[in-house]
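> Got a predicted structure plus its sequence, pasted below:
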Amino acid sequence: MGNGAALGRIGGRALAWFSVTSLLSLAIDHFMDMGRPATNVLGDTIATCVVSHWEDRRRMREEVLSAHA
C-alpha cells in the first residue's frame, strides 16, 4: 500500500509540473508568435525590393541595347 500511494503522489506532482511548464511555454509562444508575421513581412519586403531592382536593371539594359540597334 505504501508504494502505490507514493507513485500516486509522484504522478500528481508530475502532472502539476507538466501543467506549469505548458502554461509557461504557451505564454512565451504568444510573444514569439507576434514576431513570426513580422519576420515574414520583412522577408517579403526585401524580396520585393530586390526583384524590383533587378527588373529596373533589366529594363535599362534593354533600352540601351534597343537605342544602339
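Alright, I've got the coordinates.
> Low-confidence ranges, this protein, go.
Scanning the chain for pLDDT under 70 picks out 1-18, 69.
> the helices in it, which residues?
2-68 (DSSP state H).
> So which residue is dead centre in this protein?
What sits nearest the mean C-alpha location of the chain, by CA atoms, centre = their mean, is Arg36, with 3.7 Å.
> show me the contacts for that one.
Contact criterion CB atoms under 8 Å, 6 or more residues apart in numbering gives no residues in contact with Arg36. All C-beta spots, glycine's among them, are computed from the backbone N, C-alpha and C.
> how far away is it from Leu42?
From Arg36 over to Leu42 the distance is 11 Å, taken as CB to CB, to the nearest Å.
> Pull the number of nearby residues for Arg57.
10 (other CB atoms under 10 Å).
> try Ile46
Ile46 is flanked by 10 other residues according to other CB under 10 Å.
> do the same with Gly43
For Gly43, using other CB under 10 Å, the count is 10.
> Against Phe31, how distant is it?
Applying CB to CB, one obtains 20 Å for the distance of Gly43 from Phe31.
> how far away is Ala38 from Thr48?
16 Å.
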